[in-house]
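In: Below are the sequence and a predicted model; questions follow.
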Amino acid sequence: MATIAAPPAALQPCEHARPAGALRPPPRAWIGRRRRCCQVIRATASSRGRPAATGSGQLESTTVGASAGGEEGDVIRRLQNGPDVRGVALEGEKGRAVDLTPLAVEVIGESFGEWLRDQRREPEGEEGEQLRVSVGRDPRLSGSRLSAVLFAGLAKAGCAVFDMGLATTPACFMSTILPRFSYDASIMMTASHLPYTRNGLKFFTKRGGLSSVEVEGICDRAARKYAARKMGLGGGGLGMPPVVMRVDLMSAYAQHLRDIIKERVAHPTHYDTPLEGFKVIVNAGNGCGGFFAWDVLEKLGADTTGSLHLEPDGMFPNHMPNPEDATAMSLTRGAVLANGADLGVVFDTDVDRSGVVDDSGAAINGDRLIALISAIVLAEHPGTTVVTDARAGDGLTRFIEARGGRHCLYRVGYRNVIDKGAQLNADGVETHVMMETTGHGALRENHFLDDGAYMVVKIIIEMVRMRLAGLEGGVGGLIRDLEEPAESVLLRMDIVGEPKSAKQRGVEAVEAFKKYIEDGKLSGWVLDDCGDCSVDQGCLVDNNDHPIDVDAYMYRAKFYDESQRPLGWVHIRQSVHNPNIALNLQSCVPGGCRSMAVDLFERFLLTSGVNEFVDISEVQKFVK
């Protein structure tokens, strides 16, 4: 694919520019793979604008519309994972065939472009300006090949394509906001923390990430196209390959983060280098986060000596980039202590999640990270509501309330949590923090965007302010009084049978749990809710006038023993990523998780019939 380098608004020479948005030269082998991919599509200006009518769209919709693509189309629908698309892009996974194929990516890209055009709602017979869509990707081995067909699909829908190369998910969204770019939409190609064999797509418009329902509609449209083209119907090309313009978005995004730090610290003696005298370790896990060390911290004066795995490598040879990964946190902790650093940072692959390590080597992720961000934001916005997923601990609720805040427990899923925060704000409930326990975190001040780098920026600003104020200790001191559970356990139950039936089976199992409680068959269990934000029935159901669509079924229930003593809670949910059901158990007393699991196993899993289509062996092993 011969690309045309472009500036934010026009064209820009790219000779000698760093590949993939100036994140630093990747390994030589990765460069080679990228160059081979660049020969796939030959660009030409004649392909700009909407494609010439080929009749393929009409043929696809009339031929397979009645069945919405049938079994062939189900291949596309199963790729949907909540608000994202994810699948197997490379062979190598036992028991998992490649399903995120070039054809699948192309029809999804084309369908997204058509969906964008429909959202514009131009008067009949009129054509507005051409839609401009940016595309970024993480360093996965399948990224170059799949990017080429994604470009082609977008172009078939009449979109102008801007290639950001190696980028982060938050930067993709910011490409629709930053004034020198201001694209209509963006797509990030990533599978986050999943193995190198996987890949996927995340979608953005100027108003933020798409909802699960919107992505479902796009996948339904793509399913019809996919089925038709597998049958040899429609799918005629543009005649000429698409124009793809290269842009350096990451440099502008890094400058955006640097400017925020400089302005909010407002250092009295060295404004432009407010991080002088600070040591910060960055562990990028060979994903996209290396830019944060090179183009943000170092340019602000920080010493990043001892940072780990900054070079992008799509095989992720050291550990999965994931702030929840024990190896990632342990290595970062070691580097912080060995180098006497003030802070350690761990990013996931596409940098929409993060975790940190304080100067004492304590890992700050999960509830601890939410508590830290909440403490900082509550000092700025007293009384604000904090929305989290319902796996957050009771100690976090007490921590937030002790600082004058309110805690709203809601559905698992980063998009669910963010959308709930946006809804509360629209309803007049001031809500500045929305965070999942996985490290996804969004702030109202930052466009409701889950940006791992921005969260770290927020922590770094506080770290510098604390030193300027003469306070001793690191940022970990802000959460010293956070009460943590005595036990926390995650168990998974695989759904057996045909993959196409897994989602429905998951719904049946989770709903059976709720019905058992409501019918009084599980004495001692009570569906939980936060009691303060129009959310009830186990932190799932909105009872206000504008409920958010349910994308995956889940409930949280508290358990009381025979003496009416609260032991803890269980959160049961249908996974949106894999054919299984996740059980999170958390207890305030030693042995409480096992007691709850025994009760659940004996009085629900063995008696409800769920065990006929759900593998309960992991729970059985835990209780025995």
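Out: In hand now; what should we look at?
In: Please make it C-alpha for all contacts and neighbour counts, starting now.
Out: Will do.
In: all helices for the stretch 151-300 of the chain, in order.
Out: 169-174, 212-230, 249-265, 290-291 (DSSP state H, counting those that start in this stretch).
In: Show me what the longest one is packed against.
Out: In terms of contacts (3 or more Cα pairs under 8 Å, 6 or more residues apart in numbering; DSSP states H and E), helix 212-230 is packed against helix 56-64, helix 70-77, strand 80-81, helix 102-120.
In: switch to 7 Å and redo it
Out: helix 56-64, helix 70-77, helix 102-120 (3 or more Cα pairs under 7 Å, 6 or more residues apart in numbering; DSSP states H and E).
In: Could you export the helices of the stretch 151-300 of the chain as TSV, including distance to Met320 and mean neighbour count?
Out: Below are the helices of the stretch 151-300 of the chain laid out as TSV (distance: least, Cα to Cα, whole Å; neighbours: other Cα atoms under 10 Å):
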stretch	distance to Met320	mean neighbour count
helix 169-174	17	27
helix 212-230	26	23
helix 249-265	22	18
helix 290-291	15	24
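In: what's the least confident stretch among these?
Out: The minimum mean pLDDT among the helices of the stretch 151-300 of the chain belongs to helix 212-230 (a mean of 94).
In: That one vs helix 102-120, what angle?
Out: 130 degrees (axes from the mean of the first three to the mean of the last three Cα atoms, to 10 degrees).
In: Can you check what angle separates helix 212-230 from helix 70-77?
Out: Using the same axes, to 10 degrees: helix 212-230 against helix 70-77 is 130 degrees.
In: gap between helix 212-230 and the chain center?
Out: Averaging C-alpha positions (Cα atoms, centre = their mean, to the nearest Å) puts helix 212-230 21 Å from its chain's average.
In: Would you enumerate the residues in contact with Trp569?
Out: Contacts for Trp569 (Cα atoms under 7 Å, 6 or more residues apart in numbering) come out as Arg556, Ala557, Lys558, Phe559, Leu585, Gln586, Ser587.
In: what about the residue lying closest to it once chain neighbours are set aside, which SS state?
Out: In space, and not counting its chain neighbours, Trp569 is closest to Lys558: 4.1 Å by Cα to Cα, 6 or more residues apart in numbering. Counting by DSSP: H, G, I helix; E, B strand; the rest coil, the backbone at Lys558 sits in strand.
In: again, but for Lys94
Out: Lys94 ends up coil, using three-state DSSP.
In: Now for it, how many residues are close by?
Out: Residues lying near Lys94 (other Cα atoms under 10 Å) number 6.
In: Please apply the same query to Val417.
Out: Neighbours of Val417 (other Cα under 10 Å): 27.
In: ditto for Ile495
Out: So Ile495, with other Cα under 10 Å, has 25 neighbours.
In: ok, now which ones touch the nearest residue to it once chain neighbours are set aside?
Out: Of all residues beyond its chain neighbours, the one nearest Ile495 is Val614 (4.6 Å), with distances taken as Cα to Cα, 6+ apart. Neighbouring residues of Val614 by Cα under 7 Å, 6+ apart: Met493, Asp494, Ile495, Val496.
In: Select from these the one having the most neighbours.
Out: Counting by other Cα under 10 Å, top hit in these: Ile495 with 25 neighbours.
In: hang on, that one packs against Ser501?
Out: No. If you go by Cα atoms under 7 Å, Ile495 and Ser501 don't touch, sitting 9.0 Å apart.
In: Between the helices of the stretch 151-300 of the chain, which one is closest to Gly506.
Out: helix 212-230 (17.2 Å; Cα to Cα).
In: Need the residues that contact stretch 452-466.
Out: For stretch 452-466, using Cα under 7 Å, 6+ apart, the contacting residues are Ile261, Val265, Phe347, Val351, Asp352, Arg353, Ser354, His440, Gly441, Gly474, Val475.
In: Turn those into a markdown table, including distance to Val85 and secondary structure.
Out: What follows is these, written out as a markdown table (distance: Cα to Cα, whole Å; DSSP: H, G, I helix; E, B strand; the rest coil):
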| residue | distance to Val85 | secondary structure |
| --- | --- | --- |
| Ile261 | 34 | helix |
| Val265 | 39 | helix |
| Phe347 | 21 | strand |
| Val351 | 17 | coil |
| Asp352 | 16 | coil |
| Arg353 | 18 | strand |
| Ser354 | 21 | strand |
| His440 | 17 | strand |
| Gly441 | 20 | strand |
| Gly474 | 39 | coil |
| Val475 | 36 | helix |
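In: Distance of Asp615 relative to Asn446?
Out: 42 Å (Cα to Cα, to the nearest Å).
In: Compare neighbour counts for the two and give me the winner.
Out: Asp615 (18 against 13).
In: can you pull the contacts of that one?
Out: Met493, Asp494, Ile495, Val496.
In: again with Cys172
Out: Going by Cα under 7 Å, 6+ apart, Cys172 touches Gly136, Ser186, Ile187, Met188.
In: confidence score at the last one?
Out: You'll see Met188 listed with a pLDDT of 98.
In: Verify the stated contact: the residue nearest to Trp569 with Arg565.
Out: No. At 10.7 Å, Lys558 and Arg565 do not qualify as touching, with contact defined as Cα under 7 Å.
In: follow-up on the earlier one: can you redo the contacts of Trp569 as JSON lines with distance to Leu396 and neighbour count?
Out: JSON lines is the format used below for those (distance: Cα to Cα, whole Å; neighbours: other Cα atoms under 10 Å):
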{"residue": "Arg556", "distance to Leu396": "16", "neighbour count": "28"}
{"residue": "Ala557", "distance to Leu396": "17", "neighbour count": "22"}
{"residue": "Lys558", "distance to Leu396": "16", "neighbour count": "21"}
{"residue": "Phe559", "distance to Leu396": "19", "neighbour count": "25"}
{"residue": "Leu585", "distance to Leu396": "16", "neighbour count": "24"}
{"residue": "Gln586", "distance to Leu396": "13", "neighbour count": "27"}
{"residue": "Ser587", "distance to Leu396": "13", "neighbour count": "26"}
